[in-house]
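Undergrad: mind folding the following:
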Amino acid sequence: MDRTGLTYNTEKEQIVISEYGRCIQEMIKKLPEIEDREQRTEAARYIISVMVQMNPGIKQSTDYEHKLWDHLYMISGYNLDLDSPYAPPTPAEQKKKPQHIGYQNNDIKYGHYGQYLIKMIEAAAAEPNDEVREALAYSLAGQMKRNYIEWNKSVVNDQVIIDDLKNLSGGRLVIAEESKLNSNSEQPGKGQPQPKQQQQQQQGKKKKKKVPNLKANMNNPNNPAYKKRMQELGKL
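TA: All right, here's what the predicted structure looks like:
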């Protein structure tokens, strides 16, 4: 097979940033050949505008123009002399590893309840008012049951939730063992309330009264309305 004038992509130079494609890379490689600095900078600005069209997702970044100029230098192999609005990057900066953020080392005994719920239980356990503390205990127990079911995708015995709440609160939040927890309501044991809109619809539902077809019945001699109408006209 005659391969004169044919070149496979596998034989070409590797694309530095694939989002812009090979054509953009070849255009950038031609920039150093422009001798006039002002014309070279103007050509670079034009290539930047084309790069935005090739990778429109970059505009979601707040400093996307700075990134485009950095990508321009990176594709060129950091071998451009331009009047750039930003300081050109260096290879050392690009190879520098970012600072490690670190991992959280929170020791949660019951991970399926979540860290924030554990903190809420600790705050509720410190409540001095007995009545408020009891109300918080029922509310938190309902949320614990919801979290448990969502995490485990299974039914849970209410006694398990009650025991876990007692352990997590250090014995400060106690619920009666015969209590029935409801994971769908704010106050356990009172049953699932109906949505407000559904209640309004049920209250507003009334049996529609059948409206007689007066027009059809006016021609019926046995209809009292027909007789009354005829009397008014003096025909009866």
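Undergrad: how much space separates the residue lying closest to residue 156 once chain neighbours are set aside from residue 21?
TA: For residue 156, the nearest residue in space outside its immediate sequence neighbours is residue 148; the separation is 4.8 Å by Cβ to Cβ, 6 or more residues apart in numbering. Bear in mind the C-beta positions are built from the backbone N, C-alpha and C, glycine included. Per Cβ to Cβ, to the nearest Å, residue 148 is found 51 Å from residue 21.
Undergrad: okay, those two: which has more neighbours?
TA: Set side by side, residue 148 and residue 21 show more neighbours around residue 148, with 20 against 14, by other Cβ atoms under 10 Å.
Undergrad: next up, the contacts around the more buried one.
TA: Applying Cβ atoms under 8 Å, 6 or more residues apart in numbering, one finds that residue 148 lies in contact with 112, 113, 156, 160, 161.
Undergrad: remind me which helix or strand the fourth one belongs to.
TA: The reference is to residue 160. For residue 160, the host element (DSSP states H and E) is helix 158-168.
Undergrad: starting at the chain centroid, how far to that helix?
TA: 32 Å (Cα atoms, centre = their mean, to the nearest Å).
Undergrad: re the thing from before, just put the contacts of residue 148 in TSV and tack on neighbour count.
TA: As requested, the contacts of residue 148 are arranged in TSV below (neighbours: other Cβ atoms under 10 Å):
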residue	neighbour count
112	15
113	24
156	17
160	13
161	24
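Undergrad: CA atoms only for the helix ranked longest in the chain, dumped as PDB, please.
TA: In terms of residue count, the longest helix belonging to the chain (DSSP state H) is helix 130-152. Only the C-alpha atoms of helix 130-152 are listed here, as PDB (Å, rounded to 0.1, in the frame of the first residue of the first chain):
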ATOM      1  CA  ASP A 130     -36.600  17.400  81.900                       C
ATOM      2  CA  GLU A 131     -39.600  18.100  79.700                       C
ATOM      3  CA  VAL A 132     -37.500  19.600  76.900                       C
ATOM      4  CA  ARG A 133     -35.000  16.800  77.200                       C
ATOM      5  CA  GLU A 134     -37.800  14.200  76.900                       C
ATOM      6  CA  ALA A 135     -39.300  15.900  73.800                       C
ATOM      7  CA  LEU A 136     -35.900  16.000  72.200                       C
ATOM      8  CA  ALA A 137     -35.300  12.300  73.000                       C
ATOM      9  CA  TYR A 138     -38.400  11.300  71.100                       C
ATOM     10  CA  SER A 139     -37.600  13.600  68.200                       C
ATOM     11  CA  LEU A 140     -34.000  12.300  67.900                       C
ATOM     12  CA  ALA A 141     -35.200   8.700  68.200                       C
ATOM     13  CA  GLY A 142     -37.400   9.200  65.200                       C
ATOM     14  CA  GLN A 143     -34.500  10.600  63.200                       C
ATOM     15  CA  MET A 144     -32.200   7.800  64.300                       C
ATOM     16  CA  LYS A 145     -34.700   5.300  63.000                       C
ATOM     17  CA  ARG A 146     -34.900   7.100  59.700                       C
ATOM     18  CA  ASN A 147     -31.100   7.100  59.400                       C
ATOM     19  CA  TYR A 148     -30.900   3.500  60.400                       C
ATOM     20  CA  ILE A 149     -33.400   2.400  57.700                       C
ATOM     21  CA  GLU A 150     -31.800   4.500  55.000                       C
ATOM     22  CA  TRP A 151     -28.400   3.100  55.800                       C
ATOM     23  CA  ASN A 152     -29.300  -0.500  56.300                       C
END
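Undergrad: what angle separates that helix from helix 158-168?
TA: Here the directions of helix 130-152 and helix 158-168 differ by 120 degrees (axes from the mean of the first three to the mean of the last three Cα atoms, to 10 degrees).
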